[in-house]
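Peer 1: everything below, folded, please.
(one chain, ligands or ions: 2)
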Amino acid sequence: MAKETKQSYQRYQCSYCKRVVEVRSQYDMPIIDANVGVCICKNCITDIYHFIEAHEHADSQQGGESFAGELDDLLTRNRPHIIKAYLDEYIINQDRAKKILAVAAYNHYKRMKYGYNNADGEEIEKSNVIMIGPSGCGKTALLSHLSKLLDIPFAVTDASSLTEAGFVGADVEVAVRNLYYAADKDISKAEHGIIYLDEFDKIARKSGANNSITADPGHEGVQQSLLKMLEGSMVEFAPRGQRKHPEAPTIKLDTKNILFIVGGAFVGIDKIIAKRLQKSDANIGFGAAVQGKDEKPKYDELIHKVRPEDLMEYGIIPEIIGRLPVICTLETLDEDALLRILTEPKNAPVKQYEKLLSMDNVELKFEEGALRAVAKEAIKRKTGARSLKGIIEDTMLDIMFDIPRTNEARKVIITEKCITDGQSPTIEPMALKKVG
Ligand SMILES: Nc1ncnc2c1ncn2[C@@H]1O[C@H](COP(=O)(O)OP(=O)(O)OP(=O)(O)O)[C@@H](O)[C@H]1O
Ligand SMILES: [Mg+2]
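Peer 2: Ligands and ions are numbered 1, 2, ... in the order given. As a prediction, this is how the structure comes out:
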């Protein structure tokens, strides 16, 4: 036990991390045992605490075995049409994406069952998914609803926050760590979970396939680290809240059976696809025959023709693309779709405002023209369904501020002019209804 004295404080060396600590109170070095010559500093005790906390759950559960027993039941409850019907309650259109996700999740359960039950060593390969679609078309929303439905751990991680080890930001291991916590610290459950990497396009190499590696080391490094994870490797990470240092205890998790879904807007990929199509059209000699001279192919037509080489051109390394065999494209939402998004989903903005105002004794009504005006404005803003709520919020703010001044029962009608010209809504008195 190393002990040095300087001024009035004693200095002890932690037997674990070897740091010399000036001990002003017992808090700095909670364990000092002169008999056995051991000191442990408060940082190391914190690490040990986190490690024990992170593991105690896993140790107390039988994990894999009990989960395997539940699989038949899970398969029955998570058939593709059931998953799609659930997603239909929240997401408008995007039928193909819903089907792809439903099948991917169902097959994931089947792979698990096969893996637990067969002894011949054969494996059903997993089919990781890449989702591509314009901003605000429902990619993140789809996955967040799917995650609520499924009975397996599911973690969403924003890929744009990831950096290569050594750079400022979160290491790619964070995606696995999130899954571990989504699995309630049950390692065997987490090893069969689903990881969704959102904003995946943000880790593309800055200037596409032809850029040299040295010009963009950060993103290339993130992709390389992610590749290892996608291929299946033992990922080591520190529990949440623990400092990173070489001696810190870590948790290890095998990613071999984890299903990866990645998604992003891939802004500009339509131009890459158009360029490729133009080239191939020119090669086979009927260039303008497919499209009229001035007629530009639309985003949706192009995006459905995306091929792995376009993603490579965009700046995703080929090895990663090879590990994402299912390409799922989403469509742009048109005015009618936006109109339905306003009113139909279980958590539709209009339904939410109706509920809020009903608590103030108010019946809220949006006229059809008003809703259409909101949808039209959202199309102008080019951010898909994302701007809908903001546009309504502008109009609703004054109402939500003024209405609670009194408690009398009223009917509030939002007209088209309220949205387009900022006119005040029509407010009519109403006979008091019994609430509750
Ligand atoms: N098809 C849809 N049906 C219902 N709601 C939708 C749909 N698309 C988007 N929304 C709503 O619009 C908002 C933005 O959507 P979301 O975050 O899923 O967009 P995104 O596709 O992930 O876009 P980005 O690429 O910019 O991240 C969410 O609140 C979501 O509920
Ligand atoms: Mg998103």
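
Peer 1: partners of the helix or strand where Ile427 lies in the sheet?
Peer 2: For Ile427, the enclosing helix or strand under DSSP states H and E is strand 426-429. Strand 426-429 pairs in its sheet with strand 410-414 (antiparallel), by DSSP bridges.

Peer 1: quick one: buried residues of the helix or strand just after the strand it pairs with?
Peer 2: Once the chain leaves strand 410-414, the next helix or strand it forms, by DSSP H and E, is helix 416-420. The neighbour-count check on helix 416-420 (16 or more other C-beta atoms under 10 Å) flags 416-419 as buried. To be clear about C-beta, it is placed using only N, CA and C from the backbone, and glycine gets the same treatment.

Peer 1: can you list these in a markdown table and add pLDDT?
Peer 2: Shown next, in a markdown table, are these (pLDDT from 0 to 100):
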| residue | pLDDT |
| --- | --- |
| Glu416 | 94 |
| Lys417 | 93 |
| Cys418 | 91 |
| Ile419 | 91 |
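
Peer 1: what's near enough to touch Ile195?
Peer 2: 154-155, 157, 175-176, 178-179, 258-261 (C-beta atoms under 8 Å, 6 or more residues apart in numbering).

Peer 1: so what's it bridging to?
Peer 2: Residues in beta-bridge contact with Ile195 (DSSP bridges): Ala155, Phe260.

Peer 1: and it, how far from ligand 2?
Peer 2: The gap separating Ile195 from ligand 2 is 15 Å, by C-beta to the ion, to the nearest Å.

Peer 1: what's around Tyr27, how many residues?
Peer 2: Neighbours of Tyr27 under the rule other C-beta atoms under 10 Å: 8.

Peer 1: now a PyMOL select for only the buried ones of the contacts of Ile195.
Peer 2: One line in PyMOL is enough to select the buried members of these, burial here meaning 16+ other C-beta under 10 Å:
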select buried, resi 154+155+157+175+176+178+179+258+259+260+261
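
Peer 1: how about the contacts of Ile195 in JSON lines, adding distance to Lys380 and pLDDT?
Peer 2: Output for those, formatted as JSON lines (distance: C-beta to C-beta, whole Å; pLDDT from 0 to 100):
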{"residue": "Phe154", "distance to Lys380": "35", "pLDDT": "92"}
{"residue": "Ala155", "distance to Lys380": "35", "pLDDT": "93"}
{"residue": "Thr157", "distance to Lys380": "32", "pLDDT": "92"}
{"residue": "Ala175", "distance to Lys380": "36", "pLDDT": "92"}
{"residue": "Val176", "distance to Lys380": "41", "pLDDT": "93"}
{"residue": "Asn178", "distance to Lys380": "36", "pLDDT": "93"}
{"residue": "Leu179", "distance to Lys380": "39", "pLDDT": "95"}
{"residue": "Ile258", "distance to Lys380": "41", "pLDDT": "94"}
{"residue": "Leu259", "distance to Lys380": "38", "pLDDT": "94"}
{"residue": "Phe260", "distance to Lys380": "36", "pLDDT": "96"}
{"residue": "Ile261", "distance to Lys380": "31", "pLDDT": "96"}
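
Peer 1: what's the spacing between stretch 38-56 and its chain's center?
Peer 2: Relative to the chain's own centre, stretch 38-56 is displaced by 31 Å; criterion: C-alpha atoms, centre = their mean, to the nearest Å.

Peer 1: my error: substitute stretch 417-430 in the last question.
Peer 2: Distance of stretch 417-430 from its chain centroid, counting by C-alpha atoms, centre = their mean, is 38 Å.

Peer 1: model confidence over the strand holding Ile427, on average?
Peer 2: Here strand 426-429 scores 89 as its mean pLDDT.

Peer 1: ok, now stretch 232-251?
Peer 2: On average, stretch 232-251 scores 78.

Peer 1: buried residues in whichever strand or helix holds Lys252, which are they?
Peer 2: Secondary structure assigned from DSSP H and E places Lys252 in strand 251-254. Buried residues in strand 251-254, defined by neighbour count with 16+ other C-beta under 10 Å: 251, 253.

Peer 1: elements contacting it?
Peer 2: Contact analysis of strand 251-254 by 3 or more C-beta pairs under 8 Å, 6 or more residues apart in numbering; DSSP states H and E lists helix 173-182, helix 187-190, strand 234-237 as its packing neighbours.

Peer 1: indicate which one of these is closest to ligand 1.
Peer 2: The closest of these to ligand 1 is helix 173-182. By C-beta to the nearest ligand atom, the value is 17.0 Å.

Peer 1: enumerate the residues of the stretch 101-250 of the chain near ligand 1.
Peer 2: With C-beta under 6 Å from any ligand atom as the criterion, the stretch 101-250 of the chain comes near ligand 1 at residues 133, 135-141.

Peer 1: ok, now which ones touch Val362?
Peer 2: With C-beta under 8 Å, 6+ apart, Val362 has these contacts: 403, 409-412.

Peer 1: one more time with 6 Å, if that's ok
Peer 2: Contact analysis of Val362 by C-beta atoms under 6 Å, 6 or more residues apart in numbering lists 403, 410, 412.

Peer 1: and which of those residues is nearest to Ile91?
Peer 2: Val412 (28.5 Å; C-beta to C-beta).

Peer 1: how much space between that closest one and ligand 2?
Peer 2: Applying C-beta to the ion, the value for Val412 to ligand 2 is 33 Å.

Peer 1: residues in contact with that residue?
Peer 2: Here Val412 is in contact with 362, 364, 425, 427 (C-beta under 6 Å, 6+ apart).

Peer 1: can I have the buried ones of these as a PyMOL selection?
Peer 2: Only the buried entries of the contacts of Val412 go into this PyMOL selection, using 16+ other C-beta under 10 Å:
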select buried, resi 362+364+425
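
Peer 1: tell me the mean pLDDT over stretch 9-23?
Peer 2: When pLDDT is averaged over stretch 9-23, the result is 88.

Peer 1: what are the buried residues along it?
Peer 2: So, applying 16+ other C-beta under 10 Å, buried residues of stretch 9-23: 10-17, 21, 23.

Peer 1: of the helices and strands packed on strand 251-254, which is nearest Arg307?
Peer 2: Comparing the helices and strands packed on strand 251-254 by C-beta to C-beta, helix 173-182 comes nearest, at 26.4 Å.

Peer 1: residues near the closest residue to ligand 2 within the stretch 101-250 of the chain, how many?
Peer 2: Residue nearest to ligand 2 within the stretch 101-250 of the chain: Thr140 (3.3 Å; C-beta to the ion). Thr140 has 18 neighbours, counted by other C-beta under 10 Å.

Peer 1: list the contacts of it.
Peer 2: Applying C-beta under 6 Å, 6+ apart, the residues contacting Thr140 are Asp198.

Peer 1: repeat that for Asn407.
Peer 2: Asn407 neighbours (C-beta under 6 Å, 6+ apart): Asn361.
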